[in-house]
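Colleague: any chance you can model this:
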Amino acid sequence: MTESASPHISSARVTVLGVHPGDPPFRIVEIDGEVVGTARSMTDVLLTAAAAGITIHDLGDPDEVRWVGGGQYRWSAH
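Modeller: Residues are numbered from 1 along each chain as shown. As a prediction, the model looks like this:
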């Protein structure tokens, strides 16, 4: 789910920002408003959150992850 798809204001601690071009493309991951790393896949998001002590049960739940600039399936810059 993307931020514009619902009027719900996310309380998620994990935010995944839009895709940045690269080889491979990547997304910046924030936890509690602080940049903590980059992700090249959904697995990277899960691992980054786990390293910070956060367990994500559902990547599509806006209370767990806020997706900015495309949802969880958007991993290309095009």
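Colleague: list the buried ones in stretch 23-38?
Modeller: Neighbour-count burial for stretch 23-38 flags 26-31, 36-38 (criterion: 16 or more other CB atoms under 10 Å). Just so you know, the C-beta spots here come from the backbone N, C-alpha and C atoms, and that holds for glycine as well.
Colleague: swap in stretch 45-53?
Modeller: Result for stretch 45-53 [16+ other CB under 10 Å]: buried residues 45-46, 48-49.
Colleague: among these, which lie within helices?
Modeller: The helices, defined by DSSP state H, take in 45-46, 48-49 from the buried residues of stretch 45-53.
Colleague: nearest to W75 among those residues?
Modeller: V45 (10.4 Å; CB to CB).
Colleague: list the contacts for the closest residue in space to that closest one that isn't next to it in sequence?
Modeller: Leaving out its chain neighbours, the residue that sits closest to V45 by CB to CB, 6 or more residues apart in numbering is A39, at 4.8 Å. Taking CB atoms under 8 Å, 6 or more residues apart in numbering, we find A39 in contact with 16, 26-29, 45, 48.
Colleague: mind redoing it with 10 Å?
Modeller: 16-17, 26-29, 45-49, 75 (CB atoms under 10 Å, 6 or more residues apart in numbering).
Colleague: and those as a markdown table, adding pLDDT and distance to E64?
Modeller: Output for those, formatted as a markdown table (pLDDT from 0 to 100; distance: CB to CB, whole Å):
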| residue | pLDDT | distance to E64 |
| --- | --- | --- |
| V16 | 98 | 11 |
| L17 | 98 | 16 |
| F26 | 97 | 20 |
| R27 | 98 | 16 |
| I28 | 98 | 18 |
| V29 | 98 | 13 |
| V45 | 98 | 10 |
| L46 | 98 | 11 |
| L47 | 98 | 15 |
| T48 | 98 | 13 |
| A49 | 98 | 9 |
| W75 | 95 | 18 |
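Colleague: could you export the residues you listed as JSON lines, including distance to V65?
Modeller: Shown next, in JSON lines, are the contacts of A39 (distance: CB to CB, whole Å):
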{"residue": "V16", "distance to V65": "6"}
{"residue": "L17", "distance to V65": "12"}
{"residue": "F26", "distance to V65": "16"}
{"residue": "R27", "distance to V65": "11"}
{"residue": "I28", "distance to V65": "13"}
{"residue": "V29", "distance to V65": "9"}
{"residue": "V45", "distance to V65": "7"}
{"residue": "L46", "distance to V65": "9"}
{"residue": "L47", "distance to V65": "13"}
{"residue": "T48", "distance to V65": "11"}
{"residue": "A49", "distance to V65": "8"}
{"residue": "W75", "distance to V65": "14"}
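Colleague: kind regards, and thank you for your time.
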